[in-house]
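Asker: Sequence first, predicted model second:
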Amino acid sequence: MARPPSGAVKTAVAPTRSPNGWPVWGHDVVVAKLRHSVASGRVAHAYLFAGPDGVGKTTLAVSFAQALCCQDGTRPDPGLPCGTCLACRKIARGVHPDVETFGLAAQAALAEKSGGKHLSLSIETVRRLASATALRPMEAGRRIVLVEDAETMQGVAQEALLKTLEEPPSSVVLVLLADDAEALLPTIRSRCRLVDLRPVSRATVALALVESGVAQEQAAEIAALAGGRPGWAFRAAGDPALLEGRRAAVDRALGWIAGSTYDRLVAAVRLGDAFQKRRAEVFADLDTLLGVWRDALLLRANLPHYLTYRGHAERLDGLARGWDLDALHRAVCAVQTCLSDLEANVRPRLAIEAMVLQWPTSSPQR
Ligand SMILES: [Zn+2]
């Protein structure tokens, strides 16, 4: 049974068609290449769409599948799906029999009874997707198998997938979606056409939201928080809790900075101790912190237009006026050093304490 791509169903606000012809905002060169390969009939057997969570991998994959399966024979460009024929609509709803999605969400849904956490794609899932590639297409000329969360596969699962990639049935297009392509075996990467998705400009993300009916001011705030990830922006536009979570993280960072040296160190120890269990969250908190210090630096340098957290402009302004450019720059560097120390496995408590000790403390200069 085909399942809707998990990234697609959570989006309450849906992207409209962008100037590149697909509802994929930014990534114009990538879309042009994929459109051309569909139009010229030069489609590879396997693709690897790689880029950070929320950058637009799922939307790109769904549009690609639509371009491959669209039934509208009158369209002038075969690389441009109509979006309205039965095949296009079935793919958008995740019910096309020849477009099947595998990923952590689908795996968890299948194993509902057995429970447990699904942090990596299992070998059973890889076996299931391998048998899915062996089926003949029912309605379209091809079968398209999407594999979300591909970067979570462990060694054995990756080796099983490699077997499928080595002998792909001619009617199948396999599309792997991965936050980090480097997590996959070089032998897997070399058998896929790599499609690298980079962050999209803030203006493009804001425009995408406005074109889909989000109010200008809200679109500007979400685009600033999205870090170049239109997929995240659309999720946030439809999910107030997501946006609220980001705002709360900024408040936490501002509170940490505003504390006394003692309070800052206590918070550092707490975060350091949490690192083993909540690594991704600690990194996210430190990224937010970096954004806050950078915003203070930008305000101090009279560049308010580039703020990431413009919703917090008032408190940021207080920080900006408290210290000079040099002190703010040192704080930014300290957070960057801490992030690379943690990547390099320096003891978390040590790295985070060293960071807060670099922050400016003295009373405001002006
Ligand atoms: Zn169509």
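Answerer: Good, I have the coordinates.
Asker: Checking the residue in the stretch 251-366 of the chain that the ion sits nearest to next. Helix, strand or coil?
Answerer: Closest residue of the stretch 251-366 of the chain to the ion, CB to the ion: residue 280 (38.0 Å). C-beta: built from backbone N, CA, C; applies to glycine. Using DSSP: H, G, I helix; E, B strand; the rest coil, the structure places residue 280 in helix.
Asker: For the longest strand that the chain contains, output the C-alpha coordinates as CSV.
Answerer: If you go by DSSP state E, the chain has its longest strand at strand 172-178. In CSV, the C-alpha atoms belonging to strand 172-178 read as follows (Å, rounded to 0.1, in the frame of the first residue of the first chain):
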residue,chain,number,x,y,z
VAL,A,172,11.9,1.7,-11.2
VAL,A,173,13.1,5.1,-10.1
LEU,A,174,14.5,5.0,-6.5
VAL,A,175,14.7,8.4,-4.7
LEU,A,176,16.6,8.5,-1.4
LEU,A,177,16.1,11.5,0.8
ALA,A,178,18.8,12.2,3.4
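Asker: Buried residues, the next helix or strand after that strand. List them.
Answerer: Later in the chain than strand 172-178, the nearest helix or strand by DSSP states H and E is helix 186-190. For helix 186-190, a neighbour-count test (16 or more other CB atoms under 10 Å) marks 188-189 as buried.
Asker: average pLDDT for helix 186-190?
Answerer: Averaging pLDDT along helix 186-190 gives 96.
Asker: tell me what the very next helix or strand once past that helix is packed against?
Answerer: Counting by DSSP H and E, the next helix or strand C-terminal to helix 186-190 is strand 193-196. If contacts are counted by 3 or more CB pairs under 8 Å, 6 or more residues apart in numbering; DSSP states H and E, strand 193-196 sits against helix 28-40, strand 46-50.
Asker: In a markdown table, list these along with mean pLDDT.
Answerer: As requested, those are exported to a markdown table (pLDDT from 0 to 100):
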| stretch | mean pLDDT |
| --- | --- |
| helix 28-40 | 96 |
| strand 46-50 | 97 |
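Asker: most tightly surrounded among those?
Answerer: Scoring the helices and strands packed on strand 193-196 by mean neighbour count under mean count of other CB atoms under 10 Å gives strand 46-50 as the most buried, with a mean of 24.
Asker: can you list contacts of that strand?
Answerer: With contacts defined as CB atoms under 8 Å, 6 or more residues apart in numbering, strand 46-50 is touched by 57, 60-61, 64, 150, 165, 168, 173-181, 184, 188-189, 191-197.
Asker: so who does residue 358 touch?
Answerer: Contacts of residue 358 (CB under 8 Å, 6+ apart): 330-331, 333-334, 337.
Asker: now do 7 Å
Answerer: 330-331, 334 (CB atoms under 7 Å, 6 or more residues apart in numbering).
Asker: which one of these has the most neighbours?
Answerer: residue 331 (25 neighbours; other CB atoms under 10 Å).
Asker: With only the CA atoms kept, save the helix or strand harbouring it in CSV.
Answerer: According to DSSP H and E, residue 331 maps onto helix 325-343. Written as CSV, here are the backbone C-alpha positions of helix 325-343 (Å, rounded to 0.1, in the frame of the first residue of the first chain):
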residue,chain,number,x,y,z
LEU,A,325,31.2,45.5,18.7
ASP,A,326,34.4,43.9,19.8
ALA,A,327,32.8,42.3,22.9
LEU,A,328,29.7,41.1,20.9
HIS,A,329,32.0,39.7,18.2
ARG,A,330,34.0,37.7,20.9
ALA,A,331,30.7,36.2,22.2
VAL,A,332,29.7,35.1,18.7
CYS,A,333,33.2,33.5,18.2
ALA,A,334,32.9,31.8,21.6
VAL,A,335,29.6,30.1,20.6
GLN,A,336,31.1,29.0,17.2
THR,A,337,34.1,27.6,19.0
CYS,A,338,31.9,25.7,21.4
LEU,A,339,29.9,24.2,18.5
SER,A,340,33.0,23.0,16.8
ASP,A,341,34.4,21.7,20.1
LEU,A,342,31.3,19.6,20.7
GLU,A,343,31.5,18.3,17.1
